[in-house]
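Novice: what follows is a predicted protein model with its sequence.
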Amino acid sequence: MSTPDNDRTPSPATPPSAGGNVWKANSLSLTLSMPAAKPPSPGPEIPLPPPAAVQPEPGGTHPPLRAGRRAAVVVIGAALLLFAAAVVVYRQRQVSRTAALPRAADASPVTFPLSTADAAVKVPAFRALVIGINRYAPAGADGWQPLQSARADAEAVAGVLASDYGFSVQTLLDGDATRAALLNALDELATSGPDGADLIYFAGHGFYDETLQEGYWIPADARKTVGSRPAKEDWLWNSTLTRLINASRARHVLVLSDACYSGSLFRGDEPLSVRGGQAWYERAIAKPSRYLITSGGNEPVLDSGAGHSVFAQEVLTFLTHGDKAIFSANDLGAALRERVAALTGQMVHMGPLPVSGHAGGEFVFIRRASGQTPVFTPQAAPAAPNGSATRGPDAPAPEKRRESLRDALALTQAGAPKAANTLVAAVLQQDGEDRLARAVAAHIDRSRQQEARDELRALISQLEARKAAIATRPDASAAERPRVLACLGPAVPQTHADREADGLLYRLALRAALESRTNLRIVEREALAAILQEQNLGASDLADPGARVSIGKLLPASLLLLGDLLPTDSGEKIFLRLVDTETTQILASFTAMREVGQSPESVTDELAGRIAAALDAARPAQAAP
Amino acid sequence: MLAAAPADRLRPSLTLSGLQTVTRVFTEDAYLDGTAADGGGLAAVSVNGENLLAAVDLGTVRTYFARRLTLDLGTNLIEVAAADRAGNQTIRTFTVIRDEPEHLDPKHRLSVGVPPLTPPECGLNGVRAKRAMEAELTRSPARFRLLERDEGWEYVLREQNLSLSDLADPSAALRLGKMVPAEMLFMARIFQEAKGLTVHLKAVATENGEILFASDVYSPDSDRALDDAVAGLILKVQQGFPLVSGEILRSQGARVTLNIGRADGVTEHSRFLVIRAPSAARLAEGRLALIGERPVQAEIERLQPNSSLARIVSPDADALVKEGDYVYAR
C-alpha cells in the first residue's frame, strides 16, 4: 500500500541544507519577515491595540511598555512594536491546560445587531473544543515526531475565542488529547445542546491513506505503527469525525484543522458566494451549517512560523485584528487562503462538510467588543430541511435511514454512543416501528450494558480475593441443550473495511428476524473477545460462584452463521452458511441479492425464513442431543 | 301426540387400510385409504383437516376415500376424522416415520474442505467463487460433507474454548472431540484471462496428496457469470464422484470383488459403504456394516470395465463382509 508520509511537518531544529526541506526553510524565513513588513490583507492596516489597553499577565514576566520606551520602539521600527504587542496580547489570552473557560452565558452579553426589531435572530451558544498536541506518548523510532507550535497555537486560539468572542472553551493539550478523550469530548459536544455553535480546532499530526482515501487526526496516545503496518486503530478517522459532526445537535459546527492531509475531509470546495451584508449574516446564522477550514489539502503542512504555525498565526491575526465585528467562517477562510498561500504555498481549503446536517447556513463570529446592545430574542430553533428541529438526517427515505443507522453503528464502535443514540432517535422519530432502528438501538444499549458488566466484573474480582470458592459444574448431560446460534455474518471483506457497519446492520437485522421466528437462542458475539479475556478469572478458583451467577452464564454456540456481504454490479450479494461448531460441518448455505433501493429488512426477513427452515431440518427444536 | 325421535348419538364408523398406528418407511410418500359410514348420513371425512367428502356425497351413509400423502423426514402425524350430520365424530391418528436410508445419511458422504482460492490477489472474485462453491456443495441432497475451514475455524474454536471454560452454561455445553477431518480438499485457482476468468479445481486426498479429480470452467467477467460457472464446476466434480451401488460377488480376506466397474463411473480410490440388505431393490432397508460406530469401508484398487477389486480398509472388518452384501458410494 502506498501512503504518503505522515504529518504536519515538524520544523527542523536547524535549517536544512538540502532536499525537500529547502523549500520549507525558505517559506519559513518568509513567514518570519512578512508580518512586520506588510499588514495582512484583506482590509486596512492592522489596528494595534492602544498601549494603555495592554495589561500585564498576573505574575507574568513581561511588564507593560512605558510611553518613553514605546517612542523609542517607534523610532526603531513599527515591525518590532507589532511583534512585542502581539507577544503581550498572546500571553494575556493564554488559557490553562485543559481548563474550561466560563461559558458564554456567564460572560458579558453577546452583541448581534439586527436589521429589524421584529426579525430578531436567536444567537447560538458558542462553544469550542481546542486541541493542540506537540508531544506524542509512544516515543521512539516508531512514534510520532514532536511538533513545535501545535500546543501554543491551540492555547492562543482558545484564548482569543474565549476573550474576544465569548466562547465556552475546552482545551485538550498534549497528553490529555488521547483518542478516548477526543472522542468523549467530541461526543459531549455533539450531544450537549440543540442550539449551539461549536468550533473544533485541531493542531497536530495528520495522516492520509491513499488506498482507503481516508484521513486521520493523530491523538496524543496513538502509535504510529504496529509492526510494519500503520496503527490506524489508534487514530481518529475522518469518517468518524464526519459522522459525529453529522450527528451533532448543534446548529453550527465549524472545524478548523491545522494538520496534514485534512483536506481529505472534503469532497469538494464550495465556490465563494457573494455576501450581502447584515441581512445575509442574519439568514446565515439562522440556518444549520457544517463547515470546515483546513490548513492544506491532502499534503503536508508547515509546523512552524513565528511561534505559531503560519495557519494558526493568520487565524489569530484575523480573529484579533480583523476589521469586522461580525463575519462568517467563509470570510475567515477567504482571508486565510490568500495569506497562507502567499506565505507558504499551502492551499487553505474551506467549504461545507459533505453531511446532511449542512443546510446552507454559516458559522457566524460575533466579536464581543463591538459594544452593541445585546439582543436575545427567544425563538424556536430554525427548522431543518426536513422540518425536524434536530440536526439528524434530513429525509426519511430508506437509504437515508439506513445510512444514519450505519453511521450510528460506526459511532458506537468508535466509542461515541451518545451521538449514535441521537442518530437512531432521529430515525425512530420518523418511524417508531422501524424494526431495524429498534435493533440498532438495542445494540447500542447492549454496548452500554457491556460497559456496566465490565465494571461489575471488576467488582467481582475484588470480592474474589476474600471469597475463595470453587464452583461445581452441573451435569451437562442432565439437561436438554438449547439451540444456540451466534450470528457472525455477513461480514464485509477486508478490502471494504469502511463498510463494516453495513455488515453489522445486516447481522442485527438477521438476529432480530431470527429471534422473532425461531425457537432459538441468539447469542451476542460482537464483544466476546473481551469477555473471553476474562476466562482466566472465570476458570480460576478465585471466582466467586455466587457473583458469577449474578452476571449470568454464557451460552456456547452450537451453530454459527457466517458469511460475507459482497458488492455486485447492481447492489449487494449476501452469502451465509450455517456451521455446526461440534463437527465443523456446514449444514446449509444461503444466498440473497439486495438491489439498490431495496430495504435490507426485506432481504433479511426472507433469509431468516430459509435459515429457520434449515435449522428445523438439521436441528429439530425438540431433538435430544 | 307423537314421541320425538331419539337423538343420533352414534359416531360414524371409520375403517382404514395401508397404515399401522406407527409405520416406518423410507419413501417420500405414503398411501392411505378406507371407508366411513354412518346411518344418519355423513357430513365430512377429512385427512389432516382437508375434507375429502364431495358436496354431492353429503349425507351419504357410506363412502370410500383415498389419499396419497407426502411425508417429511422424521415423524409425520396423520389424523383422519369422520363426522355425521348430528355432529358425532370419530378420529383416528397415525404416525408415519420417514427414515432416510442409513447409507444416504449425509454424515457418510466424503468430507471436504474448501481452502481460500488462490492467488490471494484474486480478491473479491476469489471470495465470490468460494461462496458460490459452498452454496452448490450444500445444495440438497448434498454429494459431499462440506466442512468449515480457514475463515470460520477461529470462530469454531472460540466456541469450543468457551464451552470448556467456567463461563459457559453447562446445559448448553458442546460435545467436544466430534470434529470431522476433511478427507479431500477442493483446491481452486483463478486465472485471469484476457477477457474473463478461468477457475481450475482439483480434488486432493488429504491422506496422501493424490489428485483424485481435476477440472475447470471459464467465466466471462461478470458477477452472475462467475456464480453460474462455479456452480457448473461443482456439478462436474459431483459427476466425477457418482453415487453408484453394487454387489459383492466374492470375498477373500480383506479383498472383495464388486460387480461394478469403470463403465458405471467407478474410479480408482473410490470409497464405498458396505450394506447388508434383503435385495438390491430393497437397499433402503439395509443396515450398514459397522465397526463400533464407524461404518466399514471398501476402497477400489483395480478397475475393469464391469467389475472391480476393492480392499476393506476398516481394520478388523474382514470377517464382517460377506458375499451377497452390497456397497454404496460414499
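Specialist: Structure's in. What do you need?
Novice: the residue lying closest to A:Met350 once chain neighbours are set aside: which element?
Specialist: Among residues not flanking A:Met350 along the chain, A:Gly333 sits closest, at 3.3 Å (C-beta to C-beta, 6 or more residues apart in numbering or on different chains). Quick note: C-beta positions are derived from backbone N, CA and C, even for glycine. Here A:Gly333 is covered by helix A:329-344, with elements defined by DSSP states H and E.
Novice: again, but for A:Leu587
Specialist: Element membership for A:Leu587, per DSSP H and E: strand A:586-595.
Novice: how close does the nearest residue to A:Arg368 once chain neighbours are set aside get to A:Ile366?
Specialist: Beyond its immediate neighbours in the sequence, the residue positioned closest to A:Arg368 (C-beta to C-beta, 6+ apart) is A:Gly166, lying 5.0 Å away. As defined by C-beta to C-beta, to the nearest Å, A:Gly166 lies at a distance of 8 Å from A:Ile366.
Novice: swap in A:Leu316?
Specialist: The gap separating A:Leu316 from A:Ile366 is 18 Å, by C-beta to C-beta.
Novice: find the closest residue to chain B in the stretch 201-350 of chain A.
Specialist: Relative to chain B, the nearest point of the stretch 201-350 of chain A is A:Thr211 (13.0 Å; C-beta to the nearest C-beta).
Novice: if we can go back for a sec, my guess is the residue nearest to A:Met350 meets A:Ile293, correct?
Specialist: Yes. The pair formed by A:Gly333 and A:Ile293 meets the contact definition of C-beta atoms under 8 Å, at 4.6 Å.
Novice: what do those two both touch?
Specialist: A:348, A:350 (C-beta atoms under 8 Å, 6 or more residues apart in numbering or on different chains).
Novice: and the residue in the stretch 251-400 of chain A that chain B sits nearest to, what element?
Specialist: Taking C-beta to the nearest C-beta, chain B has its nearest neighbour within the stretch 251-400 of chain A at A:Glu399, 21.3 Å off. Remark: A:Glu399 resides in helix A:398-414, with elements defined by DSSP H and E.
Novice: give me the contacts around that helix.
Specialist: Taking C-beta under 8 Å, 6+ apart as the criterion, the residues outside helix A:398-414 that touch it are A:183, A:237, A:239-240, A:243-244, A:246-247, A:356, A:392-394, A:417, A:419-421, A:423-424, A:426-427, A:430-431, A:434, A:436-437, A:440, A:443-444, A:447, A:500-502, A:504-505, A:508, A:597, A:599-600.
Novice: coming back round to it: and the residue of the stretch 201-350 of chain A closest to chain B, how many neighbours does it have?
Specialist: 9 (other C-beta atoms under 10 Å in any protein chain shown).
Novice: what is the burial count for the nearest residue to A:Thr581 once chain neighbours are set aside?
Specialist: If the residues on either side of it in the chain are set aside, A:Thr581 comes closest to B:Glu159, at 4.4 Å by C-beta to C-beta, 6+ apart. The number of residues packed near B:Glu159 is 25, by other C-beta under 10 Å.
Novice: ok, now the one 5 residues further on?
Specialist: Per other C-beta under 10 Å, the neighbour tally for B:Leu164 reads 15.
Novice: wait, what's in contact with it?
Specialist: For B:Leu164, the residues meeting the contact criterion (C-beta under 8 Å, 6+ apart) are B:Leu176.
Novice: do B:Phe65 as well
Specialist: Each residue near B:Phe65 by C-beta under 8 Å, 6+ apart is listed here: B:33-36, B:45, B:47, B:52-53.
Novice: pipe these into TSV and attach neighbour count and distance to B:Arg330 per row.
Specialist: Listed next are these as TSV, based on neighbours: other C-beta atoms under 10 Å in any protein chain shown; distance: C-beta to C-beta, whole Å:
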residue	neighbour count	distance to B:Arg330
B:Asp33	14	39
B:Gly34	20	42
B:Thr35	15	47
B:Ala36	27	48
B:Val45	26	47
B:Val47	19	39
B:Leu52	17	44
B:Leu53	19	49
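Novice: just these now: which is nearest A:Arg521?
Specialist: A:Arg521 lies nearest to B:Val47 out of the contacts of B:Phe65, by C-beta to C-beta, at 36.0 Å.
Novice: any idea how far B:Thr267 lies from B:Arg189?
Specialist: Taking C-beta to C-beta as the measure, B:Thr267 and B:Arg189 are separated by 22 Å.
Novice: do the same with B:Arg276
Specialist: The spacing between B:Arg276 and B:Arg189, counted by C-beta to C-beta, is 43 Å.
Novice: just B:Cys122 next, same as before
Specialist: Applying C-beta to C-beta, the value for B:Cys122 to B:Arg189 is 8 Å.
Novice: between the two, which one's more packed in?
Specialist: When neighbours are counted by other C-beta under 10 Å, B:Cys122 comes out ahead of the other of B:Cys122 and B:Arg189, with 21 against 16.
Novice: could you find the closest non-adjacent residue to the more buried one?
Specialist: Among residues not flanking B:Cys122 along the chain, B:Ile190 sits closest, at 4.3 Å (C-beta to C-beta, 6+ apart).
Novice: what's the neighbour count on the one you found?
Specialist: The local packing of B:Ile190 (other C-beta under 10 Å) involves 21 other residues.
Novice: ends of stretch B:135-151, how far apart?
Specialist: Between the start and the finish of stretch B:135-151 there is a gap of 16 Å, counting by C-alpha to C-alpha, to the nearest Å.
Novice: and that stretch, what's its mean pLDDT?
Specialist: Averaging pLDDT along stretch B:135-151 gives 91.
Novice: re the thing from before, buried subset of the contacts of helix A:398-414 as a PyMOL selection?
Specialist: Here is the PyMOL selection string for the buried members of the contacts of helix A:398-414, based on 16 or more other C-beta atoms under 10 Å in any protein chain shown:
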select buried, chain A and resi 183+237+239+240+243+244+246+247+356+392+393+394+417+419+420+421+423+424+426+427+430+434+436+437+440+443+444+447+500+501+502+504+505+508+600
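Novice: what are the structural domain limits within the chain?
Specialist: By default, I'm working from chain A. A:96-370, A:398-618 (automatic domain parsing).
Novice: I was thinking of chain B, sorry if that wasn't clear
Specialist: With automatic domain parsing serving as the domain definition, the record reports that chain B contains domains spanning B:13-99, B:106-148+B:159-164+B:176-240, B:245-329.
Novice: figure out which of the ones you listed is closest to A:Ser328.
Specialist: When these are compared by C-beta to C-beta, domain B:106-148+B:159-164+B:176-240 sits nearest A:Ser328, at 45.2 Å.
Novice: any idea how far the closest one is from the chain center?
Specialist: When distances are taken as C-alpha atoms, centre = their mean, to the nearest Å, domain B:106-148+B:159-164+B:176-240 is centred 20 Å away from the chain's centroid.
Novice: and that domain, how far apart are its ends?
Specialist: Across its full length, domain B:106-148+B:159-164+B:176-240 reaches 18 Å end to end, with C-alpha to C-alpha as the criterion.
Novice: quick one on the thing from earlier: the helix or strand just after the helix holding A:Glu399 vs helix A:398-414, what angle?
Specialist: Once the chain leaves helix A:398-414, the next helix or strand it forms, by DSSP H and E, is helix A:417-430. What separates the directions of helix A:417-430 and helix A:398-414 is an angle of 160 degrees, with axes from the mean of the first three to the mean of the last three C-alpha atoms, to 10 degrees.
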